[in-house]
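**Student:** Sharing a model that was predicted from the sequence below.
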Amino acid sequence: MAVTTKLTKEHLETREKREKHTISVVGCGRIGLPIACLFAEVGFKVIGVDSDQRIVNSLKKGKSPFTAPQLHAFVEKQLKSSHFTATTDARKAASASDVIIINVPTPIDKKKRPDYSHVEKACREVGMGLRSGSLIIFHSIMGPGITETLAKETLENASGLKAGTDFGLAYCSVRAVPRRTLEDITTCTRVVGATDQQSLEAACLLLGTITKGETVKVRDIKTAETIELFEKAYQDVNVALANEFAHFCEKAGIDFVEAYNTIDSQPHNWLQVPGIVEVHAPEDSLLLLEEAEAMNVKLRMLTLARKINDETLDHTLRLVRDALRTCQKPLRRAKISVFGVSSRPNMKEPRGSPTKKLVNMLKKRGVSVRVYDPFFSQKELSKIGYSVEPTLTKTVEGADCIIIAVGHDRFRRLNLRRIKIFVKKPAAIVDMGHVVDPVKAEKEGFVYRGLGRGVWTK
């Protein structure tokens, strides 16, 4: 077989030897670009490929799209090195590369079906430039079997080459939390599958040049795809269970946070924190459900978990409506301030944030919504499409209700005594992030509602 799939450790042991190999990374997003830069750092010639001309123009200027200081500095350093170039031409990049890493998104459409058009397009473009002897590694999260059917067939049809004979094909998903992207990419365990043994060994050797974590080899690509989805589905089910417990606590007059903290102090606790689920989190579960449906397999627990977690935003509106009713105010024409637009607490990452959907749901019900997040500037929030004020004080001025959508630690230090001066009394606080003490909120005159915190008295 080809030169690339016959790589040995000796071929990659020094920087000088790695400089002889070119790697294209197709999809320069939150995961793809750091991976490309890591390969550039250890000496490979790297071509960053993205269909968005604006992204490519930015990369050519040496500008990082990331705001986290450590990641921003690392990426910009590599972008300005001679080892990194950028282009929108995947076909040309593939023709110049020994290794092609594909990391394009698989969005979910309005019917909750996976859209593999980005994957198909990338494979078609790469295939038309693919040369015999190359190795292709997929990082995109896809349903079990998609790499070896849709992706492989598209590559073979476009190139006229055969996977496992003329080019190598492997799969390895990458898990990385936004605030720990570099750390996770380089230290987390990698699960790798391939169409043949040579592709498997070559992929593991290449990935080993930028990772310190363990590499687990599995029997085939479908197994590697499924393992990643099983892990995400497990988290999805656990969050759904926590959301169910939260609803119970509200009715039973129990504070879930107190119960959780007590359980969390014990060993072997896997209980998750309830909350509004990040938009991208359920997508992996939907990929698994789609393939299960195609095989006439019913994943009943996962299906129910999706339903429960999807309804958390509806439950947020129920809490808001109930709190405003106690304030003797209608939801329609209410002024509501929403705190937090990040997808996760304590980070600046709007991608996947459930706040956008929440705000839209409120607006459809005739609510005037203003948004605040200490991690974003007024200009940044306006650019995303939110209605914002320059300060926290202006954001809560005249508000009938404050919804804490994301539990940033900074919100734990909110001065409720000062805030109550500016809101339209009586006002409500709906805490979906578990950062406000119910007792303190009520003491300051607020009507309090919180996910799972059934200890409110008003």
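**Tutor:** Alright, I've got the coordinates.
**Student:** Every contact and neighbour count from this point should use C-alpha atoms.
**Tutor:** Noted.
**Student:** secondary structure class for Leu271?
**Tutor:** coil (DSSP: H, G, I helix; E, B strand; the rest coil).
**Student:** That one reaches Asp236, doesn't it?
**Tutor:** No. Leu271 is beyond contact range of Asp236, at 11.5 Å (criterion: C-alpha atoms under 8 Å).
**Student:** Mind checking which of these two has more residues around it?
**Tutor:** Neighbours were counted for Leu271 and for Asp236 using other C-alpha atoms under 10 Å; Asp236 has more, 23 against 14.
**Student:** which SS state does the more buried one fall under?
**Tutor:** helix.
**Student:** go on, the one 10 residues further on?
**Tutor:** Of the three states, Ala246 takes helix under three-state DSSP.
**Student:** That one: how many residues sit nearby?
**Tutor:** By the criterion of other C-alpha under 10 Å, Ala246 has 24 neighbours.
**Student:** Over to Arg306?
**Tutor:** 22.
**Student:** which stretch of helix or strand covers it?
**Tutor:** In the assignment (DSSP states H and E), Arg306 maps to helix 300-310.
**Student:** Wasn't Ile402 part of a strand?
**Tutor:** Yes. Assessed by three-state DSSP, Ile402 belongs to a strand.
**Student:** wait, what's in contact with it?
**Tutor:** By C-alpha atoms under 8 Å, 6 or more residues apart in numbering, the contact list for Ile402 reads Ile336, Ser337, Val338, Phe339, Val396, Ala427, Ala428, Ile429, Val430.
**Student:** just checking, what packs against the worst-scoring helix or strand of the chain on mean pLDDT?
**Tutor:** Ranking every helix and strand in the chain by mean pLDDT, DSSP states H and E puts helix 281-294 at the bottom, with a mean of 85. In this structure, helix 281-294 packs against helix 221-252, helix 300-310, with contacts taken as 3 or more C-alpha pairs under 8 Å, 6 or more residues apart in numbering; DSSP states H and E.
**Student:** Out of those, flag the one nearest Met347.
**Tutor:** The closest of the helices and strands packed on helix 281-294 to Met347 is helix 221-252. By C-alpha to C-alpha, the value is 20.2 Å.
**Student:** coming back round to it: out of the contacts of Ile402, flag the one nearest to Val174.
**Tutor:** Using C-alpha to C-alpha, the contacts of Ile402 come closest to Val174 at Phe339, 30.5 Å.
**Student:** Pretty sure Ile31 sits against Glu183.
**Tutor:** No. Taking contacts as C-alpha under 8 Å, Ile31 lies outside contact range of Glu183: 11.8 Å.
**Student:** What is the neighbour count of Lys112?
**Tutor:** Neighbours around Lys112, by other C-alpha under 10 Å: 12.
**Student:** Where does it sit: helix, strand or coil?
**Tutor:** Assigned with three-state DSSP, Lys112 falls in the coil class.
**Student:** Then Ile101?
**Tutor:** strand.
**Student:** beta partners of it?
**Tutor:** Per DSSP bridges, the residues bridged to Ile101 are Val25, Ile137.
**Student:** Would you confirm that it contacts Val126?
**Tutor:** No. Under the criterion of C-alpha under 8 Å, Ile101 lies out of contact with Val126, with a separation of 10.1 Å.
**Student:** what touches both of Ile31 and Glu183?
**Tutor:** In contact with both Ile31 and Glu183: Ala176, using C-alpha under 8 Å, 6+ apart.
**Student:** Secondary structure of Leu150: a helix, I assume?
**Tutor:** Yes. Under three-state DSSP, Leu150 falls within a helix.
**Student:** change the start of the numbering to 3 and stick with it
**Tutor:** Fine by me, first position is 3 from now on; the one you just mentioned is Leu152.
**Student:** Neighbours of it, how many?
**Tutor:** Neighbours around Leu152, by other C-alpha under 10 Å: 14.
**Student:** pLDDT below threshold where in the protein?
**Tutor:** 3-7, 280-284 (pLDDT under 70).
**Student:** Residue most distant from the centroid, it?
**Tutor:** In the chain, the residue that sits farthest from the middle, by C-alpha atoms, centre = their mean, is Gln330; the gap is 39.1 Å.
**Student:** tell me which element that residue falls in.
**Tutor:** Applying DSSP H and E, one finds Gln330 in no helix or strand.
**Student:** Next, give phi and psi for Asp433.
**Tutor:** Here is the backbone geometry of Asp433 (degrees, to the nearest 10): phi -100, psi 100.
**Student:** How about the secondary structure of Ala88?
**Tutor:** strand.
**Student:** Does it touch Lys63 like I think?
**Tutor:** No. Using C-alpha under 8 Å, Ala88 makes no contact with Lys63, being 9.8 Å away.
**Student:** So for the two, which sits in the more crowded spot?
**Tutor:** Counted by other C-alpha under 10 Å, Ala88 and Lys63 do not tie: Ala88 has more neighbours, with 24 against 13.
**Student:** ok, that one to Gly29 distance?
**Tutor:** Ala88 sits at a distance of 11 Å from Gly29 (criterion: C-alpha to C-alpha, to the nearest Å).
**Student:** which residues are common contacts for these two?
**Tutor:** Contacts common to Ala88 and Gly29, judged by C-alpha under 8 Å, 6+ apart, are Gly50, Val51, Asp52.
**Student:** before we move on, back to that, which residue of Ile33 and Glu185 possesses the greater neighbour count?
**Tutor:** Neighbours were counted for Ile33 and for Glu185 using other C-alpha under 10 Å; Ile33 has more, 21 against 15.
**Student:** check contacts around that one.
**Tutor:** Residues counted as contacts of Ile33 (C-alpha under 8 Å, 6+ apart) are Asn105, Val176, Ala178, Thr183.
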